[in-house]
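Student: for reference, the sequence and a predicted model appear below.
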Amino acid sequence: AALLALALVLPAHAGEPQGPVREGLKAYAEDNFEAARQKFEEADGILQDKFTPEGAIVAFDLACAFHRKGDSAQAREHYTRAATARDKKIATEAHFNLGLLSAESGRALAGDQPEAVEKDKRKEIIDKLLEAVGSFRQCLQLQPEHARARKNIELIRQWIKFYVDRWHELDRQKMREESNLAQFVEHLIKLQRGLRESTKGLTPRDSRDQFAEFKRGQDELAEEIEPLKTKIRNDVMQHAAQPAQGAPPQPGAQAAPDPKIEEGIKLLQEWADAAGKAMRSSAEKLNARSPESAAQEQKAAINELEHIWEAVVPFHPLLQRALKDQTKVVHTLKPGESDPEEEEKFDGDPLKKLVTDDAAKDEKKAEKKDESAAAAKAPKPSDAELAEVTELQEKNLRHAQLMKLKAEAALEDFEKNAAAMEQQAGAQPKAPH
């Protein structure tokens, strides 16, 4: 499928360019592509009108020589010129070879190990392969019985599927291995929310292919539950085994498992199992073309994953999430009161937001009247918006209760670390005066 079409012979009545073309074809047949290029360029220079049938043939032959020399840019330029020929045979082969150029470029970008390709190169590879498909389709429009073009389209579809599936699996494995527990759960929540938003847009009348695609996504997400349960045990046990910062490692036999730690792991894994059960139920609902029921199960899965995230995330990220969600609640209920885009400036440091808000109170007093007037004119929230902010507010209440416990635990860890570091510093020999 990667062979070039044979260079086309110039008709006998073409005149002066005929000699250089014949010499170029002879050199081309001997794999002397540089000599062939020179002769074809000589013929191209002789032509008075490059957009005649003779000009298209010379352009095609010249493109073939550049192609064999590895100069894709020049080959593309001359194939494109040949593709405008009125002669369908020349135009067809020009489009075919344009397809080969794009396919070769995509395969070269992918290399022998497509799994090693960086993420920012993946789209370029797929774009090149799709560009090749477009050229082969142009070829089929001119010559529907062109078997090589039809075969190449099918081959490229297989390449694209192989690359995309491989990259997707590698990304999943990388997320499992390189993220901590809180990051992994947050990733799953994000994916499930995105799938739920897509599911909510379905109707029972939509195509079976759409439902099948969403079901596939839901099945894949359910496959992450077992890795999640493994990560729960590993991360919790690792965290529990870490000594205080600055404390010397304790040699000897490992301590017996803490029953409270085991109980916590069991609870977290039960939430994970509940999320997996809801995901599998959602997949069944999608298979039955029942999007509303599927979305309800997806919401249940999100809630279970949220429980895990809230339990394992440290104090500072929980505070950050609570501030962001509460800002959204306030903005929805009273649009003139706050601006979510303005709040994004403080995502990295919510404590800085609190200080900045306090310092800016005086400056905002003059703006209050205008904001209140604008809020009075603003449309009232819809029922859907009210339902969303009600759910957010309930979640924030739960976060507020958790933050007290997490703050106390963080303070306790800080005090232990400070004491351990002080003890270690006292054990160091003092430097002579």
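Tutor: Structure's in. What do you need?

Student: in the stretch 301-433 of the chain, which ranges drop under the pLDDT threshold?
Tutor: 318, 322, 325, 329, 332, 335-379, 384-385, 388-389, 392, 394-433 (pLDDT under 70).

Student: what sits up against whichever strand or helix holds residue 212?
Tutor: Per DSSP states H and E: residue 212 is located in helix 208-222. If you take CB atoms under 8 Å, 6 or more residues apart in numbering as the criterion, helix 208-222 is touched by 172, 188, 191-192, 195, 198-199, 202, 276, 279-280, 282-283, 286-287, 289, 291, 294, 298. Backbone N, C-alpha and C define where each C-beta goes, glycine included.

Student: ok, and for it, which residues are buried?
Tutor: 210-211, 214-215, 217-218, 220-222 (16 or more other CB atoms under 10 Å).

Student: quick check: of those residues, which lies closest to residue 78?
Tutor: residue 210 (43.3 Å; CB to CB).

Student: check the closest one and give its pLDDT.
Tutor: Listed pLDDT for residue 210 reads 92.

Student: change the start of the numbering to 50 and stick with it
Tutor: OK, 50 is where the count begins now, so the last one is residue 259.

Student: any idea how far it lies from residue 272?
Tutor: Distance of residue 259 to residue 272, given as CB to CB, to the nearest Å: 21 Å.

Student: so residue 191 makes contact with residue 139?
Tutor: No: look at residue 191 against residue 139 with CB atoms under 8 Å: they stay out of range, at 9.9 Å.

Student: more neighbours, the two?
Tutor: residue 139 (21 against 18; other CB atoms under 10 Å).

Student: the more buried one contacts residue 103, doesn't it?
Tutor: No: taking contacts as CB under 8 Å, residue 139 lies outside contact range of residue 103: 10.5 Å.

Student: anything in contact with each of those two?
Tutor: By CB under 8 Å, 6+ apart, no residue touches both residue 139 and residue 103.

Student: tell me which residues touch the residue nearest to residue 109 when sequence neighbours are not counted, please.
Tutor: Leaving aside its sequence neighbours, residue 109 sits nearest to residue 131 (CB to CB, 6 or more residues apart in numbering; 3.9 Å). Listed by CB under 8 Å, 6+ apart, the contact set of residue 131 reads 105-106, 108-109, 112, 139-140, 142-143.

Student: next step: the residues you listed restricted to helices.
Tutor: 105-106, 108-109, 112, 139-140, 142-143 (DSSP state H).

Student: hmm, which two among those are most spread apart?
Tutor: Farthest pair in the ones in helices among the contacts of residue 131, by CB to CB: 112 and 140, 12.5 Å.

Student: quick one: which of the two has more around it?
Tutor: Taking neighbours as other CB under 10 Å, residue 112 and residue 140 compare with residue 112 leading, 30 against 21.

Student: still on that earlier bit, what does the next helix or strand after the helix holding residue 261 contact?
Tutor: Toward the C-terminus, helix 257-271 is succeeded by helix 274-290 as the next helix or strand (DSSP H and E). Helix 274-290 is contacted by residues 225, 229-230, 233-234, 237, 307, 310, 313-314, 317-318, 321-322, 324-325, 328, 357, 361 when judged by CB under 8 Å, 6+ apart.
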